[in-house]
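**Q** Kindly generate the corresponding structure for this input.
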Amino acid sequence: MTAAGRSRTPVAGSASIDWLDDQAAAFSGATTLEYYLNYAGLKDALSLAPIFRRHRSLFTRTTVDRVLRSKSKDPRLPNLREFVVDGYLEQAAGTVTEAIAGRETEDTVRWDRKRLPYRSVQQELTNEPDAVRRRDLDRRRLDVTAAQNELRERRWGLLNARTRDLGFRSYIELCERLGNLELSSLRDMMERFLWETEAAYRTRLSRELRGIGVDPAMAGRADLLRLFRSPQFDGSFPQDRMIGALQATLRGLGVDVDGQPNVILDTEDRPRKSPRAFCAPAQIPGEIYLVISPHGGHDDYRALFHEAGHAQHFAHIQGDQPFAYRGLGDNSVTEGFAFVLEHLLYSKPWLRRHLGMTASAQYLAFVNFHKLYFVRRYAAKLLYELELHADDQPRAYAKRYADLLTAHVGVRYSAGDYLADVDDGFYCARYLRAWIFEAQVRSVFVRRWGERWFAGREAGAALRELWGMGQRYSAVELLRHLDEPGLDIGPLTEELT
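**A** Now for the predicted structure:
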């Protein structure tokens with residue numbers, strides 16, 4: 001049904017679901033483009049205030065109260081309700097958010113008699129082979145992070161004060177009620193996962209650290225950045241074949257990559273470009289930016305395929321759907337689709353077909369360990385954030401952050417990152433749900449079409465059908481669409497152990 005054909009369902013007063021949907025589309029497009037320009041290093045300042053001013057009526061307390069009280073049965077309302085409340089909170093902290101982005105863009109770290117842009121430090125750490133120099137550089141990064149933390153504390157305080165003002169007991173309750181994240185059951189699931197994978201992970205971690213000349217007892221976060229850079233595999237992942245491998249894979253799935261002007265790939269190296277790859281869907285499905293910061297090896301491939309999963313998901317969403325289904329909803333779904341493409345880098349048949357890799361056992365063992373590290377790290381982040389958001393004194397949890405991450409990741413983490421490593425809305429939970437979702441989707445595809453499902457048009461058609469739904473359905477609902485019972489961590493645990 002087109003936008004013009006939708007009924008105008010009242011929220012209360014003059015506001016309507018249709019009005020909210022149209023406003024959400026315009027606001028999200030403008031802010032996404034603004035984030036893209038800043039984080040891609042194309043614009044120094046993140047200017048969100050003018051966008052909020054243009055859409056001020058969307059995030060007034062009156063609008064928020066109306067959507068929270070609304071009894072409308074319109075299925076778009078839950079996604080729009082979460083969007084409006086999130087925007088209301090972000091508007092309250094908008095000035096501080098801009099200040100943090102400004103500091104991250106402008107701050108530098110003194111290194112080798114030069115000023116290294118703050119956002120470039122992580123890339124420098126991954127490519128630094130000397131452990132003493134790595135740790136020295138990371139300490140310097142932490143000094144800059146610590147100087148920024150007063151702003152992060154102020155923002156955290158604003159978000160949590162507004163949350164309580166809206167009548168929620170805590171930020172946890174807000175995310176549970178509006179995001180339907182089932183955080184308690186997810187916490188229990190991940191605690192079991194951490195226990196079940198502990199022995200295998202510790203054994204492999206010790207062996208891998210010694211392999212790069214690092215004493216496991218002395219290892220820190222920066223050493224893991226170097227470890228997972230894994231330059232020993234660079235020869236198997238040539239830079240000049242990366243885009244071609246992605247395009248060939250997509251063609252195998254029936255995607256017309258030559259007829260996709262809506263997907264813009266940004267791989268250009270810029271000093272102030274964020275080291276974290278990202279996808280910016282400025283207009284869905286019409287204008288999708290895929291941004292990576294190449295630094296070499298299989299990690300570039302993995303980042304490209306992950307963000308390409310987002311990009312293809314957004315590019316294939318049926319454009320006549322309401323924005324509530326195109327750009328809002330359970331982000332575990334789009335993260336799950338990103339992991340579906342990323343996981344092709346973990347597939348022996350794919351490696352042989354697209355990269356000519358015939359001896360892949362050592363590489364596959366390594367990247368499965370890498371994935372196990374990531375899942376354990378995000379499980380630890382979930383445990384930490386559940387404690388952090390249960391109180392109103394964030395600085396008191398800095399040591400707890402370091403203790404939990406150190407205990408479950410197995411190398412020293414620093415207390416100074418206790419807020420820099422936290423994303424809004426329990427996004428760590430979205431990632432965990434996405435890993436579980438992806439493993440189940442892949443298991444369905446393998447049962448139906450075999451290990452080479454990625455080369456079959458039937459599997460491609462099924463994947464494009466799922467992409468086309470956008471985020472109208474949650475990860476749990478989509479799994480039931482595939483005759484799965486709901487989120488089940490079993491396939492993921494089995495794969496990683």
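
**Q** contacts and neighbour counts: CA atoms only from here.
**A** Noted.

**Q** Wait, residue 59 touches residue 87, no?
**A** Yes. The pair residue 59 / residue 87 is scored as a contact, 6.2 Å apart, by Cα atoms under 8 Å.

**Q** how about the strands in this structure?
**A** All strands of the chain, identified by DSSP state E, fall at 10-12, 15-16, 108-111, 114-117, 263-266, 278-283, 287-291.

**Q** which strands and helices sit next to the fifth one?
**A** Spelled out, it's strand 263-266. strand 287-291 (3 or more Cα pairs under 8 Å, 6 or more residues apart in numbering; DSSP states H and E).

**Q** Run a quick neighbour tally on residue 485.
**A** Neighbour count for residue 485, taken as other Cα atoms under 10 Å: 11.

**Q** and what of residue 193?
**A** Quick note: residue 193 (other Cα under 10 Å) scores 18 neighbours.

**Q** With adjacent residues omitted, what lies nearest to it?
**A** Nearest non-adjacent residue to residue 193, counting by Cα to Cα, 6 or more residues apart in numbering: residue 493, 7.0 Å away.

**Q** tally of neighbours for the residue lying closest to residue 437 once chain neighbours are set aside?
**A** Excluding the flanking residues, the one nearest residue 437 by Cα to Cα, 6+ apart is residue 336, at 5.9 Å. Residue 336 sits with 27 neighbouring residues when counted by other Cα under 10 Å.

**Q** Residue 51 now?
**A** Neighbours of residue 51 (other Cα under 10 Å): 15.

**Q** Check residue 143 too.
**A** Residue 143: 13 neighbours (other Cα under 10 Å).

**Q** Which positions in stretch 338-352 come out as buried?
**A** 338-351 (16 or more other Cα atoms under 10 Å).

**Q** repeat for stretch 155-171
**A** 155-163, 166, 168, 170-171.

**Q** Which one of those residues is nearest to residue 22?
**A** Distances from residue 22 to these, taken as Cα to Cα, are shortest for residue 166 (24.3 Å).

**Q** Return the per-residue confidence for the closest one.
**A** Listed pLDDT for residue 166 reads 95.

**Q** Correct me if wrong: residue 24 contacts residue 322.
**A** No. Using Cα under 8 Å, residue 24 is not in contact with residue 322, being 10.1 Å away.

**Q** Quick one: residues in contact with stretch 142-154.
**A** With Cα atoms under 8 Å, 6 or more residues apart in numbering as the test, stretch 142-154 has contacts from 96, 99-100, 103, 107-109, 118, 394-395, 416-417, 419-420.

**Q** Any idea how many residues pack against residue 390?
**A** 14.

**Q** now swap in the one 4 residues further on and tell me
**A** As a burial measure, residue 394 scores 18 neighbours (other Cα under 10 Å).

**Q** pretty sure it contacts residue 385?
**A** No. With contacts counted by Cα under 8 Å, residue 394 stays clear of residue 385, the gap being 10.1 Å.

**Q** What is the distance between the longest helix seen in the chain and the centre of its chain?
**A** Longest helix of the chain, by residue count under DSSP state H: helix 131-165. Distance, stretch centre to chain centre, for helix 131-165: 19 Å (Cα atoms, centre = their mean, to the nearest Å).

**Q** What of stretch 308-315?
**A** 13 Å.

**Q** show me what contacts residue 80?
**A** By Cα under 8 Å, 6+ apart, the neighbours of residue 80 are 20, 21, 24, 324, 328.
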